[in-house]
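**Q** Could you look at this predicted model? Sequence included:
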Number of protein chains: 2
Amino acid sequence: MNPNRPNPNRPVYLKLRDQIAAAIIDGDYPEGAMLPSVRALAAEQGANPLTVAKAYQQFQNDGLVEVQRGVGMYVVKGAAERLRSRERAAFLSEEWPEIRSRMARLGLDPADLALTS
Amino acid sequence: MNPNRPNPNRPVYLKLRDQIAAAIIDGDYPEGAMLPSVRALAAEQGANPLTVAKAYQQFQNDGLVEVQRGVGMYVVKGAAERLRSRERAAFLSEEWPEIRSRMARLGLDPADLALTS
DNA sequence: ATGGCTGTATTATGGCACTGATGCACCTCG
DNA sequence: CGAGGTGCATCAGTGCCATAATACAGCCAT
């Protein structure tokens, strides 16, 4: 299921990826700070180091983290804002339309649910 | 992925399942009407008959369609409302909390987006 | 009754994604 | 220089998904 966002049986490396992205946006991993090593995060999350590495991979490709081989991976300057901007655009263009149409089909109104929670 | 909801590369049988569910809720397959045969829908969708059968399977298990072997599968009375109710509950308890928290993180307000579209 | 339509069961196969174990290359510090 | 920390590459195993080829079981109009 999917792959798919809310899917519970979702690939581990994607769940980790989302979790890390959230931490960067929220400032839990400040700019310039070193990310947990693949082994450390793997041990903490009960996952395989390679799975963690795969989760980190995309951030490297996108230039959001800087890799110093033999040392560690660091959050680059402006990563949080760039990441937020990118995720927001992706959400609005790819996810929100489907969510909105599904809610309409189910007779739900986003404005109502916005208040309750 | 999930197998995740909005995932584009999602198993065919799940995409078909969602598509059929939407058609039932929207009344495209009215109560008492016969669903397309597995072979017909397979040909139309360019899929394998067994894959379509797998998509139909869950509706049988849930008692939303009645199977008349040798004839076809029919939408039972009240299926649309039961299906909508079930999907709504599932959406609110499993998907909406995550969606809401993600929107908050990205600085988006459901109430605002409810108007725009 | 027979041909043609339904759904279903069986088995086999190819592909793909995810996960995992091992070892290597690189850097820093004492 | 050596120990212990980094990330990274390679290979293999596993399971799900989709497809295919058949064959079978039930119903109905001609």
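**A** Right, received. Where do you want to start?
**Q** switch to C-alpha atoms for all contacts and neighbour counts from now on
**A** Noted.
**Q** and the lengthiest helix in chain A, average pLDDT?
**A** If you go by DSSP state H, chain A has its longest helix at helix A:12-26. For helix A:12-26, mean pLDDT is 97.
**Q** which residues are contacting that helix?
**A** A:29-30, A:47, A:51-52, A:54-56, A:79-81, A:83-84, B:105 (Cα atoms under 8 Å, 6 or more residues apart in numbering or on different chains).
**Q** Which residues of chain A lie near DNA strand C?
**A** A:3, A:10-13, A:47-48, A:50-51, A:68-71 (Cα under 7 Å from any atom of the strand).
**Q** Restricting to C-alpha, output the following helix or strand past the longest helix of chain A in PDB.
**A** Sequence-wise, the next helix or strand downstream of helix A:12-26 (DSSP states H and E) is helix A:38-45. Taking Å, rounded to 0.1, in the frame of the first residue of the first chain, the C-alpha atoms of helix A:38-45 are listed here in PDB:
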ATOM      1  CA  VAL A  38      23.100   5.100  10.000                       C
ATOM      2  CA  ARG A  39      24.200   2.500  12.600                       C
ATOM      3  CA  ALA A  40      23.000   4.600  15.500                       C
ATOM      4  CA  LEU A  41      19.600   5.400  14.000                       C
ATOM      5  CA  ALA A  42      19.300   1.700  12.900                       C
ATOM      6  CA  ALA A  43      19.900   0.500  16.500                       C
ATOM      7  CA  GLU A  44      17.500   3.100  17.900                       C
ATOM      8  CA  GLN A  45      14.700   2.200  15.400                       C
END
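**Q** Run the angle between helix A:38-45 and helix A:12-26 for me.
**A** 100 degrees (axes from the mean of the first three to the mean of the last three Cα atoms, to 10 degrees).
**Q** Give me the buried stretch members for helix A:38-45, please.
**A** Buried residues in helix A:38-45, defined by neighbour count with 16 or more other Cα atoms under 10 Å in any protein chain shown: A:38, A:41, A:42.
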